[in-house]
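In: Build the 3D model from these lines:
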Amino acid sequence: MPRYALKVEYLGAPFAGWQRQKDLPSVQGAIEAALARLEPGPHTIAAAGRTDAGVHGLGQVAHCDLTRDWDPFRLSEALNWHLKPQPVAITAAARVAEDWHARFSATERQYLFRLLMRRAPATHDAGLVWQVGHRLDARAMQAAADLLLGRHDFTTFRSSICQAASPVKTLDELRVEEVQSFSGPEIRFHVRARSFLHNQVRSFVGTLERVGAGAWAPEDVRRALEARDRAACGPVCPPQGLYLARVGYPEPVFASDMPAASS
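Out: Purely as a prediction, here's the structure:
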């Protein structure tokens, strides 16, 4: 059966998460229902990562197997037609090898977290950012973030219901950036690793916010990491503001991932 990779963008707010759940709306369920409008099902798709309720997707990747040999562009257009009016879009599609897997073939995942610093309620960005009413020290947060880079036992920053076989992960990037958006000053966290533990990114951000607010020193983050104890973690931040931004593979999958031709 032909296998297709799908790049997926979605708003997380209306869904109980990526994963299909009985009697609850999910991103996976929405796409599988759209596929069933194209070819008789049932359809089961696999994704690079299972985002939680309220978490958004900018560059989620999934794959599906179909009986018909679809032109990738026409497949994406047909799926988008049947996904309306839900806030889910297939932004690219590609034919891939039969043994290619959206999850197991991935070599890295990148997350973006947006934190808005202003007292007035967010209007246009409501549900898209975590909002705090105080300014944060981005330099202090970066100093603390640097202590988390590399290979560690991240038990402290792991949800109690995490199903990963090991808490040991390698964190390749945790960059703290202050930007001026139209809504106000934001802190943006750019996080990259091959894989993540459940709630790891939200645990990082909630803890680093305490550093930025002056309640924790950067060295407190080191001690929390070394404690290997969930109780040592700072607050876990809410899901709005978190985006699965990009999934990396050994070779480019979609035409938009291809390097530009040199002139």
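
In: so where's the longest strand in this protein?
Out: strand 168-181 (DSSP state E).

In: pretty sure Arg246 is in a strand, no?
Out: Yes: assessed with DSSP: H, G, I helix; E, B strand; the rest coil, Arg246 lies in a strand.

In: I'd assumed Arg109 was in contact with it.
Out: Yes: under the criterion of Cβ atoms under 8 Å, Arg246 makes contact with Arg109 at 7.4 Å. Yep, even glycine has a C-beta here, placed from its N, CA and C like the rest.

In: Check whether Ala145 really touches Glu177, as I assumed.
Out: No: with contact defined as Cβ under 8 Å, Ala145 does not count as touching Glu177 (10.8 Å).

In: between the two, which one's more packed in?
Out: Ala145 (25 against 12; other Cβ atoms under 10 Å).

In: who's in contact with Pro40?
Out: Contact analysis of Pro40 by Cβ atoms under 8 Å, 6 or more residues apart in numbering lists nothing.

In: That one and Arg20, how far apart?
Out: 18 Å (Cβ to Cβ, to the nearest Å).

In: again with Gly29
Out: 5 Å.

In: and if you look at Lys169?
Out: For Lys169, the distance to Arg20 - Cβ to Cβ - is 26 Å.

In: what does Asp146 give?
Out: 38 Å.

In: who has more neighbours, these two?
Out: Between Asp146 and Arg20, Arg20 has the larger neighbour count (other Cβ under 10 Å), namely 18 against 15.

In: Identify the residues contacting the more buried one.
Out: 26, 28-29, 32.

In: May I ask which of these has the most neighbours?
Out: That'd be Gln28 among the contacts of Arg20, by other Cβ under 10 Å, with 22 neighbours.

In: per-residue confidence at the closest residue to it other than its chain neighbours?
Out: Nearest in space to Gln28, with sequence neighbours left out and distances taken as Cβ to Cβ, 6 or more residues apart in numbering, is Arg20 at 4.5 Å. With respect to pLDDT, Arg20 has a value of 93.

In: Show me where the protein dips below the pLDDT cut-off.
Out: 258, 260-263 (pLDDT under 70).

In: mind listing the strands in it by residue range?
Out: Using DSSP E, strands in the chain cover 3-10, 46-47, 56-65, 88-96, 108-117, 130-132, 150-153, 168-181, 184-193, 242-248.

In: Tabulate those (JSON lines), appending distance to Pro259.
Out: Shown next, in JSON lines, are the strands of the chain (distance: least, Cβ to Cβ, whole Å):
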{"stretch": "strand 3-10", "distance to Pro259": "17"}
{"stretch": "strand 46-47", "distance to Pro259": "25"}
{"stretch": "strand 56-65", "distance to Pro259": "17"}
{"stretch": "strand 88-96", "distance to Pro259": "16"}
{"stretch": "strand 108-117", "distance to Pro259": "17"}
{"stretch": "strand 130-132", "distance to Pro259": "34"}
{"stretch": "strand 150-153", "distance to Pro259": "29"}
{"stretch": "strand 168-181", "distance to Pro259": "20"}
{"stretch": "strand 184-193", "distance to Pro259": "19"}
{"stretch": "strand 242-248", "distance to Pro259": "14"}
